[in-house]
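**Q** My questions concern the predicted model and sequence given below.
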Amino acid sequence: MGNSIYRFLCGLCAPSSQEHGLRGAHTAVAALGRDVLNFEATSQVPDGLSRHVVSSKKAQANWYKKLLVAWKKARPPPKTPEEAACFVVQTLKNHQKADVEGFLVFYGLPHPNAAPSAPAAPPPPKPQGAKFELQTLPVDPKAVSDGDTINVYVDTADPRGSGSVPREVQKAAAERAKARTAKDYQKADALQKIIVDAGYRPVPNARGEEVLGKKYRIRLRGIDAPESAMPYGKEAKEALLKLVQGKSLKVFVYDEDRYGRCVGDIYCDGVFIQEQMLKKGFAWHYTAYDQRPELAKWEKQAQTGRKGLWASSKPQKPWEWRKEKRNGAA
């Protein structure tokens, strides 16, 4: 059985794969095609998919059954990410929206209902004053602690993330992988703690493959969002989460604050996150630390439109709220 599966998978790279529409297809589309055809031989769904969807493995197997039938009927099969996304949405149209969207994220496929827009101008390679740049792994929902702070992970294979991974972390990561393969989850959990305590974590990349990530705490430069216990604190956190969840970010780091967080500008698909938070009215311009006039302009736009926290007649500044709390505690 093992040899037949091996020959089958190797066949996907052979000329016969052309009839399945894999030859010449985009990387994401080829990955989808291989997984769909592999399901026919193994009845197994890809590892890592469960991190992106809410339904069970049994439900996932049902999706691949439907996708397999539809793939074989397609004339021709999808070749571009856009075609593949439409193919997935049409085939799984009666399933939960969260599952379909998570499935698309797992394969790196665009959402076909997303409004078309002109390609955003990418930020400069490294703006003046920035000390370094981070390219993050997809952001986990639990990584957003409030409206102006995110915990991100950078693949240790990345030049910035690699640095000097401690020997004990490298060893623990390797042993954890072996323990998980052997289904010794108790040992794997113990090794996971060693990795996490050192500031690292096994994290799924955009393809759902687990890689070792190094943790960075990011404080969004130039804005200050309401604290969780303040009015609009929850809304600010949700607004930031909606902008970054499941996305890989580009972070330009300028400084480090007294809490050890990297202070930086965050971009997602060319969108400047601080700009969006200010325009939506879920953050203040933090003038004590950042005098950029564009931040003041975006805050004024939200204030004029009474968006977000500006719907309140006298919203309290978060730095004043924190000062009152400290004085009260004292």
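**A** Yep, that arrived.

**Q** can you map out the helices along the protein?
**A** Per DSSP state H, the chain carries helices over the ranges 2-11, 27-42, 57-73, 81-91, 97-107, 159-162, 167-181, 185-197, 233-244, 273-279, 293-304, 318-329.

**Q** Which of those helices sits closest to Ile223?
**A** helix 273-279 (5.1 Å; C-beta to C-beta). Bear in mind the C-beta positions are built from the backbone N, C-alpha and C, glycine included.

**Q** for that closest one, the distance to its chain's centre please.
**A** 18 Å (C-alpha atoms, centre = their mean, to the nearest Å).

**Q** now what about it, what contacts it?
**A** 147-148, 220-223, 225, 236, 239-240, 243-244, 249, 265-267, 283, 285, 294-295, 298-299, 301-302, 307 (C-beta atoms under 8 Å, 6 or more residues apart in numbering).

**Q** so where's the stretch 101-250 of the chain shaky on pLDDT?
**A** 112-125, 159-163 (pLDDT under 70).

**Q** mind listing what's buried in stretch 85-105?
**A** The neighbour-count check on stretch 85-105 (16 or more other C-beta atoms under 10 Å) flags 85-89, 91-92, 95, 99-105 as buried.

**Q** With respect to Ala188, which of those residues is nearest?
**A** Closest to Ala188, out of all of those and judged by C-beta to C-beta, is Gly102, at 24.0 Å.

**Q** check contacts around the closest one.
**A** His52, Val53, Val54.

**Q** got the domain boundaries for this structure?
**A** 2-107, 132-156+212-329 (automatic domain parsing).

**Q** ranking those by burial, who's on top?
**A** Among the domains of the chain, domain 132-156+212-329 has the highest mean neighbour count (mean count of other C-beta atoms under 10 Å), at a mean of 18.

**Q** about what we covered before: hey, least reliable of the domains of the chain by pLDDT?
**A** Across those, domain 2-107 has the smallest mean pLDDT, namely a mean of 76.

**Q** Return the distance of that domain from the chain's centre.
**A** Per C-alpha atoms, centre = their mean, the centroid offset for domain 2-107 relative to its chain is 21 Å.

**Q** again with stretch 170-189
**A** So, by C-alpha atoms, centre = their mean, the centroid of stretch 170-189 is 24 Å from its chain's centroid.

**Q** follow-up on the earlier one: go through the contacts of Gly102 and say which is closest to Lys126.
**A** For the contacts of Gly102, the nearest to Lys126 is His52 (31.4 Å; C-beta to C-beta).

**Q** Check the gap between Gly308 and Asp197 for me.
**A** Distance, Gly308 to Asp197, using C-beta to C-beta, to the nearest Å: 37 Å.

**Q** same thing with Gln245?
**A** The gap separating Gln245 from Asp197 is 26 Å, by C-beta to C-beta.

**Q** By residue count, what's the longest strand in the chain?
**A** strand 210-220 (DSSP state E).

**Q** Name every sheet partner of it and say whether each one runs parallel or antiparallel.
**A** When pairing is defined by DSSP bridges, strand 210-220 lines up against strand 149-155 (antiparallel), strand 200-204 (antiparallel), strand 262-268 (parallel).

**Q** could you give the angle of it to helix 233-244?
**A** 130 degrees (axes from the mean of the first three to the mean of the last three C-alpha atoms, to 10 degrees).

**Q** C-alpha coordinates for strand 210-220, PDB please?
**A** The C-alpha trace of strand 210-220 is given here as PDB (Å, rounded to 0.1, in the frame of the first residue of the first chain):
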ATOM      1  CA  GLU A 210       4.400  23.800  11.100                       C
ATOM      2  CA  VAL A 211       7.600  25.900  11.400                       C
ATOM      3  CA  LEU A 212       9.500  27.200  14.400                       C
ATOM      4  CA  GLY A 213       8.700  30.800  15.000                       C
ATOM      5  CA  LYS A 214      10.400  33.400  17.200                       C
ATOM      6  CA  LYS A 215       8.100  35.700  19.200                       C
ATOM      7  CA  TYR A 216       8.100  39.500  18.900                       C
ATOM      8  CA  ARG A 217       5.700  41.800  20.900                       C
ATOM      9  CA  ILE A 218       4.700  44.700  18.600                       C
ATOM     10  CA  ARG A 219       3.400  48.100  19.900                       C
ATOM     11  CA  LEU A 220       1.800  50.000  17.000                       C
END
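
**Q** gap between that strand and the chain center?
**A** The answer for strand 210-220 is 11 Å, by C-alpha atoms, centre = their mean.

**Q** That one vs helix 185-197, what angle?
**A** 30 degrees.

**Q** Please find the angle between the direction vectors of strand 210-220 and helix 167-181.
**A** 130 degrees.

**Q** Find the residue closest to Tyr185 in space, skipping its chain neighbours.
**A** In space, and not counting its chain neighbours, Tyr185 is closest to Ala179: 7.4 Å by C-beta to C-beta, 6 or more residues apart in numbering.

**Q** residues in contact with the one you found?
**A** Tyr185, Lys187, Ala188, Leu191.

**Q** quick revisit: okay, the domains of the chain in a markdown table with distance to Val203 next?
**A** Below are the domains of the chain laid out as a markdown table (distance: least, C-beta to C-beta, whole Å):
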| stretch | distance to Val203 |
| --- | --- |
| domain 2-107 | 10 |
| domain 132-156+212-329 | 4 |
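
**Q** No further questions, thank you.
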